[in-house]
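J.: structure of the sequence below:
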Amino acid sequence: MKGNPNHGIANVTRPTILDSLRVMQQLSFSILQSSIHFQNQHLALNSNLLEPMAPTLAEPFGDSSALTDFVINQGNGVKGLSEMGLRVLPKQYIQPVEERMCMTNIIAQESIPIIDMSNWEDPEVAKSICDAASKWGFFQIVNHDVPVEVLENVKDATYRFFGQPAEVKNKYSKEHSTSNNVRFGTSFSPQAEKALEWKDYLSLFYVSEEETSALWPPVCREQVLDYMKKSEVVIKQLLQVLMTGLNVNEIDETKKSLLMGSVRTNLNYYPICPNPELTVGVGRHSDVSTLTILLQDEIGGLFVRGNQSDNWIHVPPIKGSLVINVGDALQILSNGRYRSVEHRVVANGSKNRISVPIFVNPRPGDMIGPLPELVASGEKPIYKQVLYSDYVKHFFRKAHDGKKTVAFAEL
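T.: Down below sits the predicted model:
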């Protein structure tokens, strides 16, 4: 019989690799679980932290204007707070109880799918991708086409950017940046939030190589651009599979623009946090993208809402992997067949954490709604046509609030 002489070996080896990765997932989760359990015990023994004391180091920030000046106006971010050695979390970061991570809501036995992309055109692999996008909204990919050294380089570049003095980073803040396409900031939307999130970020919206060379920070410019370029082949593979799963068999220039007409990359920094059990790194939300491609470091802390009510599933780091999630735009374009799912990041009391997501989006001027092929086949549309820039503005003008943004496009 003709065929690949290694075909049988591949069938035996691949499950073994994935089984090993799942064992690593469980080990990673156990370590994080112990850390959160310790934090919760500490909170129980010190219930007065719910109304935090004000030791000497925290006193300068009893006044919100002093904290805003230090964190935002001076560009110190939460990294600056962390490096002060605060023993108690400033009150401005204390989240309502219902927004904090509760250990009893974490499902230790479950994990999002792990998909081997080494033979991405295999019908079984394609089915796994579409099933994951439909049932979970999240999955991890291994053996993809983005070289590990590219991933390591962009992680190093992230640490380099945030390791700079505050006055250097602050040149890229909303008040000082020469372009809206380059933005250093903290939390999510401080002007709209009742409680701040424990995260600093650099957001880079790609327009052209010329603008990149002129405006992006030199310490990370080349590495971020390389990461974006090398990821494009994987993004196209995933979108081709997902569109075929909707019986949309041709991605012409119009659809390509609609699916991946704009790209933004964030460098996220989550510094060590006092009382991490009282706050969040990122609150509950779904992304507004078509797809998000996330590189996380080895620390862990990303949680995805499970399929059962208020349960959460940890997404443990796997070296060399990328985490993929469906964004609201793809949920709308697919008429709800693919799901964007709530996720969140916990703060960490002992280690700094970074992540580097690529948000693949429609262009701001695109109208998004159920794809014409789906409506033509007889599907009843559940979303209206909306201007993508209006959808994004609606998302950013409020605090993180789970999946409520998608209601903006519902019929």
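J.: every contact and neighbour count from this point should use C-alpha atoms.
T.: Fine.
J.: where in this protein is pLDDT low?
T.: For the chain, residues meeting the criterion pLDDT under 70 lie at 1-60, 109, 188-192, 309, 402.
J.: show me where it has strands.
T.: For the chain, applying DSSP state E gives strands covering 114-116, 138-142, 182-186, 200-205, 262-270, 282-285, 291-296, 302-305, 312-314, 322-326, 343-345, 353-361, 367-368, 386-387.
J.: quick one, what contacts the closest residue to Phe205 other than its chain neighbours?
T.: Distances taken as Cα to Cα, 6 or more residues apart in numbering place Arg264 nearest to Phe205, at 4.3 Å, with adjacent residues excluded. Arg264 makes contact with 203-206, 358-360, according to Cα atoms under 8 Å, 6 or more residues apart in numbering.
J.: is it true that Ile72 touches His176?
T.: No - applying Cα atoms under 8 Å as the test, Ile72 and His176 come out as separate, 11.6 Å apart.
J.: neighbour count for those two, which is higher?
T.: It is Ile72, of Ile72 and His176, that has more neighbours when counted by other Cα atoms under 10 Å, with 21 against 14.
J.: correct me, but Arg183 touches Trp216?
T.: No - using Cα under 8 Å, Arg183 is not in contact with Trp216; the gap is 9.5 Å.
J.: between the two, which contacts overlap?
T.: Joint contacts of Arg183 and Trp216 (Cα under 8 Å, 6+ apart) are Leu204.
J.: now do the contacts for Ile332.
T.: The contact partners of Ile332, by Cα under 8 Å, 6+ apart, come to 368-370, 383, 409.
J.: dump the residues you listed to JSON lines, plus neighbour count.
T.: Output for the contacts of Ile332, formatted as JSON lines (neighbours: other Cα atoms under 10 Å):
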{"residue": "Ile368", "neighbour count": "23"}
{"residue": "Gly369", "neighbour count": "23"}
{"residue": "Pro370", "neighbour count": "22"}
{"residue": "Tyr383", "neighbour count": "21"}
{"residue": "Ala409", "neighbour count": "19"}
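J.: what comes up buried for stretch 163-175?
T.: Residues of stretch 163-175 classed as buried: 166, 169-174 (neighbour count, 16 or more other Cα atoms under 10 Å).
J.: for stretch 117-125, measure first residue to last.
T.: Its start and end residues considered, stretch 117-125 measures 7 Å (Cα to Cα, to the nearest Å).
J.: so which bits of it are buried?
T.: Neighbour counts over stretch 117-125 (16+ other Cα under 10 Å) mark 117, 120, 125 as buried.
J.: ok, residues contacting it?
T.: With Cα under 8 Å, 6+ apart as the test, stretch 117-125 has contacts from 115-116, 126, 141-144, 237, 241.
J.: all helices for the stretch 201-350 of the chain, in order.
T.: 209-215, 221-244, 253-260, 328-333 (DSSP state H, counting those that start in this stretch).
J.: looking at those, spot the one closest to Val150.
T.: Val150 lies closest to helix 221-244 among these, at 5.9 Å (Cα to Cα).
J.: who touches the closest one?
T.: Helix 221-244 has contacts (Cα under 8 Å, 6+ apart) with 120-121, 126, 129-130, 144-147, 150-151, 153-154, 157, 212-213, 249, 251, 259, 265, 358.
J.: surely Val386 meets Ala409?
T.: Yes - taking contacts as Cα under 8 Å, Val386 lies within contact range of Ala409: 6.4 Å.
J.: tell me, what's touching the two both at once?
T.: Shared contacts of Val386 and Ala409, defined by Cα under 8 Å, 6+ apart, are found at Gly369.
J.: list of residues touching stretch 403-411?
T.: For stretch 403-411, contacts defined as Cα under 8 Å, 6+ apart pick out 285-286, 328, 332, 341-342, 369, 382-386, 391, 394-395.
J.: at 6 Å what do you get?
T.: 285-286, 382-384, 395 (Cα atoms under 6 Å, 6 or more residues apart in numbering).
J.: now stretch 171-180
T.: 183-185.
J.: dump it to CSV, restricted to CA.
T.: The C-alpha trace of stretch 171-180 is given here as CSV (Å, rounded to 0.1, in the frame of the first residue of the first chain):
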residue,chain,number,x,y,z
LYS,A,171,6.5,59.7,26.3
TYR,A,172,4.1,57.2,24.9
SER,A,173,1.2,57.9,27.2
LYS,A,174,-2.2,59.4,26.0
GLU,A,175,-1.1,62.9,27.0
HIS,A,176,2.4,62.8,25.3
SER,A,177,2.3,60.2,22.5
THR,A,178,2.6,61.7,19.0
SER,A,179,0.1,59.2,17.7
ASN,A,180,-3.1,57.4,18.9
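J.: chain center to that stretch: distance?
T.: Relative to the centre of its chain, stretch 171-180 is centred 23 Å away, using Cα atoms, centre = their mean, to the nearest Å.
J.: same deal with stretch 394-411?
T.: What separates the centre of stretch 394-411 from the centre of its chain is 17 Å, taken as Cα atoms, centre = their mean.
J.: same thing with stretch 154-173?
T.: 19 Å.
J.: let's have the chain start at 20 instead
T.: In the new numbering, first residue 20, that becomes stretch 173-192.
J.: span of it from start to end?
T.: Length of stretch 173-192, first residue to last, Cα to Cα: 21 Å.
J.: and if you look at stretch 339-355?
T.: 30 Å.
J.: of the contacts of Ile351, closest to Arg356?
T.: Nearest to Arg356 among these is Pro389, at 10.1 Å by Cα to Cα.
J.: that closest one contacts Leu352, correct?
T.: Yes - contact status for Pro389 versus Leu352: in contact at 4.3 Å, counting by Cα atoms under 6 Å.
J.: select, from the contacts of Ile351, the two members most distant in space.
T.: Pro389 and Ala428 (10.4 Å).
J.: residue contacts, Leu393?
T.: By Cα under 6 Å, 6+ apart, no residues touch Leu393.
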